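S.K.: sequence? don't have it. structure:
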DNA sequence: CGTGCGCTTGATACAGGTCAACGCGTGTGG
DNA sequence: CCACACGCGTTGACCTGTATCAAGCGCACG
């Protein structure tokens, strides 16, 4: 007998959209009514793959993902991390063939939404269409900043910058306390995100710990001096286009 | 007396949108009817600047632009080049404050369109809204590939890749013959796009010329062996999401 | 006719890559 | 229940792509 469908939980989606776009009760309800098929993924699996032609997009309900591309000679570049509420392949609503793959970094629960349902909702509620559009634009802004980070900052500030971005994004969806969060990202994954080697990531992290910039135990990250990390990472959260500035007081 | 308003020419916009989205006569006409205020910019001017809160977006009608961000210590990273038909700040329709600046690389003619007019058109014609949304998504896809290029390819293939992208995009809007185009981009600008120094760009270009990969006279670029350039640049045009694959036969 | 910008070249320095090996914790199959 | 394999973090020695610095050249333009 087939497993019962997993219970759906739309709240990460709503929370995420509200972090960048104001919704009224009616709109919130419309989102909650979206048909969603929930699936569980183990760590290290591809949710979608470059070249796919999906008829649905997905929301991350829990867990962490990375969005990546492979080069011809087998190197991986991670272009963004996904956290609860993110829709890493929302673009496929308009772009038929996927130009990226999305893999889970941890066990994940994801909710699939048929393009048809999304499309109908957008036609009926232009403001929700605007919210989704805006969501993809914010994602685009983050890619631009990622280019700057990889192209123009050395490994040390580059790492600082990514840590800042992750903390702020996690805070925006309620997944981080003031200066602490769970960040289950391995050094290899950071390496592929920063465009450096694992060895170098290791040395950078050690130096950051030595200088009291960060504290880690297990996957727990703590940032003792947020202002200093921000300064070193040359981090300005404007590009995340959050409604409430989550720059952390 | 004030100068007469410049004559507007919507055709670059229509041509660009049609390269990624099928339009019918009615939709084409709706675009042609968009109120547009044309302005001429000299070379090296900012059209819009990071931090601006524009009430309009612009289409490049002629000329070349670059979209860039500055780091805290004054380094510039170009995140994309703009050619006729592109709308480098279309995102500002939904994101109030600009996270990028756009500068002209050559004298440019640009057409400003009020957000209000765009917004009305999108509400009346959902398919045109979809076309604009798609336009921003394609731009996002190009940023992702730019991250990969800067993060994971060495300077030589990185340059090859950018040249491939530019040729294909120019072809898509009718600004390039098969393997030749006008590319008025200085070595300094390439440096800021690739995340390397001008000196290094110079050496890379010389090597490419020496190996017969490219030929240049003035701003004229010719590519004698397209397949080889593509292979070296690890270039696959899928991410540009063109309707007709402009991969150049 | 100078002056500045874009291009070019050479010498030298360094951030980060490569290669190789080891420790440690954990899950697993014999 | 132990041995072993494997993933992740760590370390050291050495190498290289690219940066940095400095200078010269030619041409377009005021």
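M.R.: Yes, it's here. Please read these numbers as outputs of a predicted model, since none were measured by experiment.
S.K.: Spell out which parts of chain A neighbour DNA strand C.
M.R.: Along chain A, the residues adjacent to DNA strand C under the rule C-beta under 7 Å from any atom of the strand are A:154, A:155, A:156, A:195, A:196, A:197, A:199, A:200. Every residue, glycine included, has its C-beta placed from N, CA and C.
S.K.: Make a PyMOL selection of whichever of those residues turn out to be buried.
M.R.: Typed into PyMOL, the next command selects the buried ones out of those (criterion: 16 or more other C-beta atoms under 10 Å in any protein chain shown):
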select buried, chain A and resi 155+156+195+196+200
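S.K.: farthest pair in the residues of chain A next to DNA strand C?
M.R.: Among the residues of chain A next to DNA strand C, the pair separated by the greatest distance (C-beta to C-beta) is A:154 and A:199, at 15.5 Å.
S.K.: In chain A, what residue spans correspond to strands?
M.R.: Applying DSSP state E to chain A gives strands spanning A:37-41, A:46-48, A:56-62, A:65-70, A:76-82, A:101-104, A:108-114, A:180-182, A:215-217, A:220-222.
S.K.: Out of those, which gets nearest to residue A:9?
M.R.: Closest among the strands of chain A, using C-beta to C-beta: strand A:56-62, at 5.7 Å.
S.K.: Next, the angle from the closest one to strand A:76-82.
M.R.: Taking axes from the mean of the first three to the mean of the last three C-alpha atoms, to 10 degrees, one finds strand A:56-62 and strand A:76-82 inclined to each other by 70 degrees.
S.K.: Let me know the average pLDDT across strand A:56-62.
M.R.: On average, the pLDDT along strand A:56-62 is 98.
S.K.: helices and strands of chain A: which one bottoms out on pLDDT?
M.R.: Least confident helix or strand, chain A: strand A:215-217 with a mean of 93, by mean pLDDT, DSSP states H and E.
S.K.: How about the contacts made by residue A:38?
M.R.: Contacts for residue A:38 (C-beta atoms under 8 Å, 6 or more residues apart in numbering or on different chains) come out as A:5, A:6, A:7, A:8, A:9, A:61, A:109, A:110, A:111, A:112.
S.K.: pLDDT value on it, please?
M.R.: 96.
S.K.: hey, what's it bridged with?
M.R.: Counting by DSSP bridges, residue A:38 forms beta bridges with residue A:111.
S.K.: I'd like the distance between it and DNA strand D.
M.R.: Distance of residue A:38 to DNA strand D, computed by C-beta to the nearest atom of the strand, to the nearest Å: 25 Å.
S.K.: now that residue: how far from DNA strand C?
M.R.: Relative to DNA strand C, and taking C-beta to the nearest atom of the strand, residue A:38 is found at 24 Å.
S.K.: Show me where chain A has its helices.
M.R.: Applying DSSP state H to chain A gives helices spanning A:11-20, A:25-32, A:115-124, A:126-152, A:155-172, A:187-194, A:198-210, A:226-233.
S.K.: Out of those, which is closest to chain B?
M.R.: Closest to chain B of those is helix A:126-152 (C-beta to the nearest C-beta; 3.0 Å).
S.K.: Next one: the closest one, is it in contact with DNA strand D?
M.R.: No: using C-beta under 7 Å from any atom of the strand, we find that helix A:126-152 stays clear of DNA strand D, coming within 9.1 Å at best.
S.K.: packing partners for that helix?
M.R.: Other elements packing on helix A:126-152 under the criterion 3 or more C-beta pairs under 8 Å, 6 or more residues apart in numbering or on different chains; DSSP states H and E are helix A:11-20, helix A:25-32, strand A:76-82, helix A:115-124, helix A:155-172, strand B:65-70, strand B:76-82, helix B:126-152.
S.K.: Buried residues, that helix. List them.
M.R.: Buried, per 16+ other C-beta under 10 Å, within helix A:126-152: A:128-152.
S.K.: Same check on stretch A:93-105?
M.R.: So stretch A:93-105, judged by 16+ other C-beta under 10 Å, has buried residues A:93, A:94, A:95, A:98, A:99, A:100, A:101, A:102, A:103, A:104, A:105.
S.K.: and what of stretch A:50-62?
M.R.: Those would be A:50, A:52, A:54, A:56, A:57, A:58, A:59, A:60, A:61, A:62, for stretch A:50-62 by 16+ other C-beta under 10 Å.
S.K.: Including distance to residue B:235, could the strands of chain A go into a markdown table?
M.R.: Output for these, formatted as a markdown table (distance: least, C-beta to C-beta, whole Å):
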| stretch | distance to residue B:235 |
| --- | --- |
| strand A:37-41 | 32 |
| strand A:46-48 | 23 |
| strand A:56-62 | 27 |
| strand A:65-70 | 13 |
| strand A:76-82 | 15 |
| strand A:101-104 | 18 |
| strand A:108-114 | 32 |
| strand A:180-182 | 38 |
| strand A:215-217 | 39 |
| strand A:220-222 | 37 |
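S.K.: can you tell which of those strands is closest to residue B:122?
M.R.: Closest approach to residue B:122 among these (C-beta to C-beta): strand A:56-62, 20.7 Å.
S.K.: is the closest one anywhere near chain B?
M.R.: No: for strand A:56-62, no contact with chain B is found by C-beta under 8 Å from any C-beta of the partner chain; the gap never falls below 12.0 Å.
S.K.: helices or strands next to that strand in the packing?
M.R.: Here strand A:56-62 touches helix A:11-20, strand A:108-114, helix A:115-124, going by 3+ C-beta pairs under 8 Å, 6+ apart.
S.K.: burial measure for residue A:21, as a count.
M.R.: 20 (other C-beta atoms under 10 Å in any protein chain shown).
S.K.: For residue A:95, see how far away it is.
M.R.: 22 Å (C-beta to C-beta, to the nearest Å).
S.K.: Likewise for residue A:19?
M.R.: For residue A:19, the distance to residue A:95 - C-beta to C-beta - is 24 Å.
S.K.: check contacts around the residue most central in space within chain A.
M.R.: Among the residues of chain A, the one closest to the centroid is residue A:82, at 2.4 Å (C-alpha atoms, centre = their mean). Residue A:82 makes contact with A:60, A:64, A:65, A:66, A:67, A:88, A:102, according to C-beta under 8 Å, 6+ apart.
S.K.: Now tabulate the residues you listed in a markdown table and tack on distance to DNA strand D.
M.R.: A markdown table is the format used below for the contacts of residue A:82 (distance: C-beta to the nearest atom of the strand, whole Å):
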| residue | distance to DNA strand D |
| --- | --- |
| A:60 | 19 |
| A:64 | 12 |
| A:65 | 14 |
| A:66 | 12 |
| A:67 | 18 |
| A:88 | 20 |
| A:102 | 17 |
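S.K.: now those in a markdown table, with distance to residue B:221?
M.R.: Formatted as a markdown table, those follow (distance: C-beta to C-beta, whole Å):
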| residue | distance to residue B:221 |
| --- | --- |
| A:60 | 43 |
| A:64 | 43 |
| A:65 | 39 |
| A:66 | 36 |
| A:67 | 32 |
| A:88 | 36 |
| A:102 | 36 |
